[in-house]
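Chemist: here's my sequence, what's the structure:
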Amino acid sequence: MFDSLLRRLTAPAPDRLPDPDADLALAALLVRVARADGHYDESEIARIDRVLANRRGLGPEAAQQLRREAEAFEAQAPDTVRFTRALKEAVPVEDRFALMQALWTVALADGERDADEDQVLRLVANLLGLTDQESAIARQHAERG
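Modeler: Got it, this is the predicted structure:
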């Protein structure tokens, strides 16, 4: 089911992802961040569903379906570096801060800040071309809700 997308992500120079693949890649990155601390709980799942619904204009059931597909895809997806680089190509520069903020809202959904999640988010911010300061500002926005 994910073979075509996996091939593109693992290519030496990943192609720009078509919108449906970019949606799945975004959802899978949200799942990856949520799972980074080894705890994937209902608050994180609900937050992922809300982020997908809000960012992609999906209804609740469509957002849940995309998240379920992303959970399966994330388990098969390549390392975070290739994965995020491919997503970077699909997300315009002006939307990357909002993406980082969404990632932080998922990481903070369980009420705890975890070192493993922080590490993944530092890597992702760098790969998206965001500075540590921009990531910190995105985190502060996420903390304020």
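
Chemist: only C-alpha atoms from now on, for both contacts and neighbour counts.
Modeler: Will do.

Chemist: please, where are all the helices along the protein?
Modeler: 3-10, 19-35, 42-56, 60-76, 80-90, 96-107, 115-127, 132-144 (DSSP state H).

Chemist: what angle do the fourth one and helix 19-35 make?
Modeler: Taking axes from the mean of the first three to the mean of the last three CA atoms, to 10 degrees, one finds helix 60-76 and helix 19-35 inclined to each other by 70 degrees.

Chemist: do the same with the third one
Modeler: What separates the directions of helix 42-56 and helix 19-35 is an angle of 150 degrees, with the same axes, to 10 degrees.

Chemist: average pLDDT for helix 42-56?
Modeler: Mean pLDDT, taken over the full extent of helix 42-56, equals 94.

Chemist: what is it packed up against?
Modeler: Where contact means 3 or more CA pairs under 8 Å, 6 or more residues apart in numbering; DSSP states H and E, helix 42-56 is packed against helix 19-35, helix 60-76, helix 96-107.

Chemist: same thing but at 7 Å, please
Modeler: When contacts are defined as 3 or more CA pairs under 7 Å, 6 or more residues apart in numbering; DSSP states H and E, helix 42-56 packs onto helix 60-76, helix 96-107.

Chemist: winner for burial among those?
Modeler: helix 96-107 (a mean of 23; mean count of other CA atoms under 10 Å).

Chemist: touching that helix from outside, list them.
Modeler: 30, 33-34, 44, 47-48, 51, 117, 125, 128, 135, 138-139, 141-142 (CA atoms under 7 Å, 6 or more residues apart in numbering).

Chemist: now, of those, which are buried?
Modeler: Listed as buried from the contacts of helix 96-107 are 30, 33-34, 44, 47-48, 51, 117, 125, 128, 135, 138-139, 142; burial here means 16 or more other CA atoms under 10 Å.

Chemist: and those, which is closest to Q65?
Modeler: I48 (11.3 Å; CA to CA).

Chemist: quick one: contacts for the closest one?
Modeler: So I48 contacts L30, V106 (CA under 7 Å, 6+ apart).

Chemist: what's the spacing between it and V93?
Modeler: 22 Å (CA to CA, to the nearest Å).
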